[in-house]
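Chemist: sequence-free structure coming up:
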């Protein structure tokens, strides 16, 4: 597992593939208590992580990458906002914003509009990111803090 010095905050964890795997495992096994061996079977916290990762992809795209932005916004609508069994139907803090985001993603999918409005994504992203950051704080506490601590954990 990564050293505590390597885990500062959620943003840094999202950029470090090794720590991200450990964080996903923590969410899956310790918080969601997900015992399924199927990686596609996910519960609340792991779904939040996937949502944040896809939103980060959207926000990191260059201005001229409209087609990719549209595809990702449609994925967000289908995968995270649709009702089961097709989607996860995640809750967002502002239900009016959520409703507008759902409709916008649907309009992109049906080509009613071809201009993705990522500002509709921001409030939901910030809500989920904030909640996931709190879980990340708990995750950080589970990581050995020193080499001696790591050694003691390994031999116990």
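Modeler: It's in. Note that the coordinates shown come from a computational prediction; the quantities given were computed from them, not determined experimentally.

Chemist: ranges for the helices of this protein?
Modeler: For the chain, the helices defined by DSSP state H occupy 10-15, 17-26, 44-60, 66-75, 95-109, 122-141, 147-155.

Chemist: and of these, who's closest to residue 34?
Modeler: For the helices of the chain, the distance to residue 34 is smallest for helix 44-60, at 7.0 Å, taking Cβ to Cβ. All C-beta atoms are positioned from the backbone trio N, CA, C, and that covers glycine.

Chemist: any residues touching the closest one, and which ones?
Modeler: 14, 23-24, 27-28, 31-32, 34, 42, 69, 72-73, 75-76, 79-80, 88, 90, 116, 118, 121, 124-125, 128-129, 131-132, 135 (Cβ atoms under 8 Å, 6 or more residues apart in numbering).

Chemist: Among those, name the buried ones.
Modeler: 14, 23-24, 27-28, 31-32, 34, 42, 69, 72-73, 76, 79-80, 88, 90, 116, 121, 124-125, 128-129, 132, 135 (16 or more other Cβ atoms under 10 Å).

Chemist: Need the pLDDT of residue 151.
Modeler: Model confidence at residue 151, given as pLDDT, is 64.

Chemist: would a markdown table of the helices of the chain with distance to residue 84 be doable?
Modeler: Formatted as a markdown table, these follow (distance: least, Cβ to Cβ, whole Å):
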| stretch | distance to residue 84 |
| --- | --- |
| helix 10-15 | 26 |
| helix 17-26 | 21 |
| helix 44-60 | 11 |
| helix 66-75 | 16 |
| helix 95-109 | 15 |
| helix 122-141 | 18 |
| helix 147-155 | 39 |
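
Chemist: which of these has the lowest average pLDDT?
Modeler: helix 147-155 (a mean of 63).

Chemist: Now do the contacts for residue 106.
Modeler: 77, 112.

Chemist: Apply 7 Å and report the result again.
Modeler: Neighbour list for residue 106: residue 77 [criterion: Cβ atoms under 7 Å, 6 or more residues apart in numbering].

Chemist: what about it, distance to residue 123?
Modeler: 18 Å (Cβ to Cβ, to the nearest Å).

Chemist: ok, now residue 15?
Modeler: For residue 15, the distance to residue 123 - Cβ to Cβ - is 23 Å.

Chemist: Over to residue 80?
Modeler: For residue 80, the distance to residue 123 - Cβ to Cβ - is 14 Å.
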